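Student: what follows is a predicted structure for the sequence shown.
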Amino acid sequence: MKRIHKLIAIATAGLLIAGLSVYAIVLHDERNQLKRQVSAIYTRAFEDLLTDVSSLEGKLNKLAVSSGPSQHEMLLVDVWRQAGETEGAISALPVSFSGTEQLTQFVNRAGDYCRALSRKLAFGETLTKGNFDEIKKLADSCRDIYASLDAVWRDGAYPGDTAFLSSVYMETEAQGANIDFANQEFPRLMYDGPFSESTENKRPEGLSGGEVTLEKAARAAAKFLEISSDALSPEGECDGNIPCYNFAAEKDGTRLRIFITKKGGKVLWFMSGHDGGISAVPTDEKYERLSLAAQKFLRDKGYGESAPSYAQFYNGLALINLAPVEKDIVLYPDLIKVWVDIPTETVVGLDANNYLMSHQSRGFDTPELTKEQAREKINGGIKINKTRLALIPLESGAERLCWEFTGSYNGRDYIIYINVKTGVEEDILIILHTNDGTLVM
Amino acid sequence: MKSLKKPLAIILIILLAVFSYGCDIAAASYRMGSSGDGVKEIQRRLSDWGYYKGKVDGQFGALTQDAVIAFQRKHRITVDGVVGAQTAEKLGVTPPSGRSGNSGGSNNDKDVYLLAQLCHSEARGEPYEGMVAVGAVVLNRIKSSKFPNTMAKVIYQSGAFSVVDDGQINMAPDSAALRAARDAINGWDPSGGALFFYNPAKTQNKWIRSRPVLITIGTHIFCK
């Protein structure tokens, strides 16, 4: 009997070991397969990048030698598109921010620059010699980038090999240097576009006066929230685009936060800790009341008259974007966000960032085009419901005075902007009526 | 045999519980003739949002039905005057579950959900504006020339967010995170233009610690 027990025990142990071994082999196989799949994805991303950089260089060089504005415009748009592809390839690499920052910025700015130039051409301007010099420099940079990437490629054994991948991609400081472009000189581009230096380093226009003290800021906060200064407690500072003093407060049992700008002592934003769950859309009639409440709030707080632009409804709140109105002109660059609690119709939050960044006393051009003349510039099929004067921000940060036409065509609502001076159609927006409110696209 | 009785009884109880729970869901549609606190809550919501003009009395009558129909029209859901699962969810009378919490299905919604997942996994337990600030960091990166240009590319960029690596990002966001994502997408930025954030108690990374600090919210430091 005892012997049989022993045998059974040994057999069981043997089976167990055999089973585990098989299991380990299967796991190992699976792991290797996954590894190969992942490395295939990364290898492809790297090869894509090589192809993209080389065709970016090709397109820039073509641009440098081509003549005639129509050819230029086509190629400029082409470069912009190719830059987008290249940016996509970079972001697919398993390399973290510090390894790709320089390259991403170069590609984004190159594309952005060419797009700005193509717009220039579209509005009847011509390219300067300086522009062509910069295009040439961009092409040269692409060639250098290609050479560095290609060298990495050649150094790294076989594509798809994990040893190769770790040599290129592993994020240790020493190895990250493989595709580090920190020491490479990229051309500085002077132009206006969303990624340009001038746009990325914009300073606030809407703040004047000197720096206020913490006490003065606290008084401004208390006045705005209509509470006593004692109910406020300082919560540090924010050293962001618009430096601020931060305060916390309690009003009617709700927690409030408010940021007051150091320069001029203005409200940057305030928000109550409110959070309801419902994300439904109110009736038009109810929305009208909510936007009147928001307008009254802005009037009471010294922002003057305003017009509601678009709204979103979530968490029991209506977020209404209101544009200040001056001399019957709607000022979209100065858009203010106001959060209104739907059941109680009270304002629970405000964000004046855009207002503080761009509001200033402006001299407006007298419209050279009448409303009727501007109307003739628009596609005749569109049924116009409303016309007014509006100041709109361009991507570059510049502003244009336009006639704003709101109308509908083929079941969709549109807003069209015609420059009051040149008659150029500056922008077309589609109004989207979604389940959460209205949006513009 | 005796020993089997107990487990059998337990299974029976569980089955009954599941079954009665199912019945509860079926009963959760309110229609003409229904009454009670559930109806009262529906009337209150409809009245808050401007659809219902009658008395909040818990009696589902013609006025309530009209209000429900108007509500359904506005939200482009099946117009039947009955408060079923879909209408109830929009009204917020039953808690939304999983991804259905955010119906609509446009591209914008996908971005909102993804950003809400990030806000939730990175900043749950932080003050509300700290959650929005995490979302704002993503939006600031999209706008920056140094980072990729879409929500998904920024969030899934290699090494960008630890919650992507450890899988926490796949958690379902709560309603505060969904609101935070929307507030950030709509342009509110409590971070002051930050491109990075970290928890000083959890990171030894010298590089990130050397970045100029903009603001501290809760346990997170936001920097340029």
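Tutor: Cool, got the structure.

Student: quick check, B:D183 in a helix?
Tutor: Yes. Assessed with DSSP: H, G, I helix; E, B strand; the rest coil, B:D183 lies in a helix.

Student: doesn't B:G135 make contact with it?
Tutor: Yes. The pair B:D183 / B:G135 is scored as a contact, 7.3 Å apart, by CB atoms under 8 Å. Every C-beta, even on glycine, is put in place using the N, C-alpha and C of the backbone.

Student: and the pLDDT at the residue lying closest to A:P69 once chain neighbours are set aside?
Tutor: Distances taken as CB to CB, 6 or more residues apart in numbering or on different chains place A:L121 nearest to A:P69, at 5.4 Å, with adjacent residues excluded. According to the prediction, A:L121 has pLDDT 87.

Student: in the strand or helix carrying A:L121, what counts as buried?
Tutor: Per DSSP states H and E: A:L121 is located in helix A:97-122. Within helix A:97-122, the residues that count as buried by 16 or more other CB atoms under 10 Å in any protein chain shown are A:97, A:99-121.

Student: A:L356: how many residues sit nearby?
Tutor: 23 (other CB atoms under 10 Å in any protein chain shown).

Student: that one: what secondary structure?
Tutor: Criterion first, three-state DSSP; result for A:L356: helix.

Student: correct me, but A:V79 touches A:E57?
Tutor: No. Applying CB under 8 Å as the test, A:V79 and A:E57 come out as separate, 10.1 Å apart.

Student: what's the helix or strand for B:L139?
Tutor: helix B:128-143.

Student: ok, then the element right after that helix?
Tutor: Using DSSP H and E, the helix or strand that follows helix B:128-143 in sequence is helix B:151-155.

Student: contact partners of that following helix?
Tutor: Helix B:151-155 is contacted by residues A:88, A:91, B:111, B:114-115, B:118, B:138, B:141-142, B:147-148, B:160-161, B:164, B:169 when judged by CB atoms under 8 Å, 6 or more residues apart in numbering or on different chains.

Student: verify the contact between A:P69 and A:F123 for me.
Tutor: No. Using CB under 8 Å as the test, A:P69 is too far from A:F123 to be in contact (11.4 Å).

Student: these two: which is more packed in?
Tutor: Taking other CB under 10 Å, A:P69 and A:F123 do not tie; A:P69 has more neighbours (16 against 11).

Student: which residues of the chain fall in helices?
Tutor: In the absence of a named chain, chain A is used. For chain A, the helices defined by DSSP state H cover A:2-65, A:69-91, A:97-122, A:129-155, A:162-169, A:173-176, A:197-200, A:214-225, A:284-300, A:353-358, A:371-375.

Student: wrong one, I was asking about chain B
Tutor: With DSSP H as the criterion, chain B has helices at B:2-27, B:37-48, B:62-74, B:85-91, B:107-123, B:128-143, B:151-155, B:162-165, B:175-185, B:206-209.

Student: for the fifth one, buried residues please.
Tutor: It refers to helix B:107-123. Of the residues in helix B:107-123, those buried (16+ other CB under 10 Å) are B:108-109, B:111-123.

Student: closest one of those residues to A:I227?
Tutor: Ranked by distance to A:I227 (CB to CB), the buried residues of helix B:107-123 are led by B:A123 at 27.6 Å.

Student: in chain B, what residue comes closest to chain A?
Tutor: Here the residue of chain B nearest chain A is B:G192; by CB to the nearest CB that distance is 1.7 Å.

Student: give me the low-pLDDT residue ranges for chain B?
Tutor: B:1-28, B:94-108 (pLDDT under 70).

Student: name the residue closest to the centre of it, please.
Tutor: Geometric centre of chain B, nearest residue: B:S175, 3.4 Å, by CA atoms, centre = their mean.

Student: what about that residue, distance to A:A307?
Tutor: Distance of B:S175 to A:A307, given as CB to CB, to the nearest Å: 31 Å.

Student: do A:V340 as well
Tutor: 16 Å.

Student: more neighbours, the two?
Tutor: The neighbour count for A:V340 versus A:A307, taken as other CB under 10 Å, is higher for A:V340 (25 against 16).

Student: doesn't A:A318 make contact with the more buried one?
Tutor: Yes. Under the criterion of CB under 8 Å, A:V340 makes contact with A:A318 at 4.7 Å.

Student: intersection of neighbour lists for those two?
Tutor: Joint contacts of A:V340 and A:A318 (CB under 8 Å, 6+ apart) are A:L290.

Student: contact partners for whatever residue of chain A ends up closest to chain B?
Tutor: Nearest residue of chain A to chain B, counting by CB to the nearest CB: A:G240, 1.7 Å away. Neighbour list for A:G240: B:189, B:191-194, B:214-215 [criterion: CB under 8 Å, 6+ apart].

Student: over to A:S229?
Tutor: So A:S229 contacts A:218-219, A:222 (CB under 8 Å, 6+ apart).

Student: between those residues, which is nearest A:Q360?
Tutor: So of those, ranked by how close each gets to A:Q360 (CB to CB), first place is A:R219, at 25.2 Å.

Student: around the closest one, how many other residues sit close by?
Tutor: Residue neighbour count, defined by other CB under 10 Å, stands at 16 for A:R219.

Student: what score does the nearest residue to it once chain neighbours are set aside have for pLDDT?
Tutor: Nearest non-adjacent residue to A:R219, counting by CB to CB, 6+ apart: A:S229, 6.0 Å away. Per-residue confidence at A:S229 stands at 85 (pLDDT).

Student: same check, this time on A:A13
Tutor: pLDDT, read off for A:A13, is 93.

Student: with A:L207 instead?
Tutor: 87.

Student: surely it touches A:I242?
Tutor: Yes. Taking CB under 8 Å as the definition, A:L207 is a contact partner of A:I242 at 7.2 Å.

Student: tell me what A:I329 is bridged to.
Tutor: A:E326, A:L389 (DSSP bridges).

Student: the stretch 251-400 of chain A against chain B: which residues are in contact?
Tutor: The stretch 251-400 of chain A has residues A:257, A:259, A:269, A:271, A:273, A:275-283, A:285-287, A:289, A:312, A:314-317, A:319, A:321, A:337, A:342-343, A:351, A:353-354 near chain B, with proximity defined as CB under 8 Å from any CB of the partner chain.

Student: what's the neighbour count on A:K327?
Tutor: 8.

Student: cool, A:K386 as well?
Tutor: The burial count for A:K386: 9, using other CB under 10 Å.

Student: residues contacting it?
Tutor: By CB under 8 Å, 6+ apart, the contact set of A:K386 is A:404-407.

Student: from these, which is closest to B:V56?
Tutor: A:T406 (37.3 Å).

Student: distance of that closest one from A:T283?
Tutor: 21 Å.

Student: likewise A:T199?
Tutor: Distance from A:T199 to A:T283, by CB to CB: 40 Å.

Student: with B:K74 instead?
Tutor: Taken as CB to CB, the span from B:K74 to A:T283 is 7 Å.

Student: between these two, which contacts overlap?
Tutor: If you check B:K74 and A:T283 against CB under 8 Å, 6+ apart, the residues they both contact are B:Y51.

Student: phi, psi of B:M171?
Tutor: Dihedral angles of B:M171 (phi, psi; degrees, to the nearest 10) stand at phi -70, psi 150.

Student: do the same with B:G92
Tutor: Dihedral angles (degrees, to the nearest 10) for B:G92: phi 70, psi 20.

Student: list the contacts for A:F123?
Tutor: A:V424.

Student: need the phi and psi values for it.
Tutor: The phi/psi pair for A:F123 (degrees, to the nearest 10) is phi -90, psi 20.

Student: contacting residues for the nearest residue to A:L356 once chain neighbours are set aside?
Tutor: Among residues not flanking A:L356 along the chain, A:G206 sits closest, at 4.2 Å (CB to CB, 6+ apart). With contact taken as CB under 8 Å, 6+ apart, A:G206 is in contact with A:266, A:334, A:355-360.

Student: pull out the buried members of those residues.
Tutor: A:266, A:334, A:355-359.
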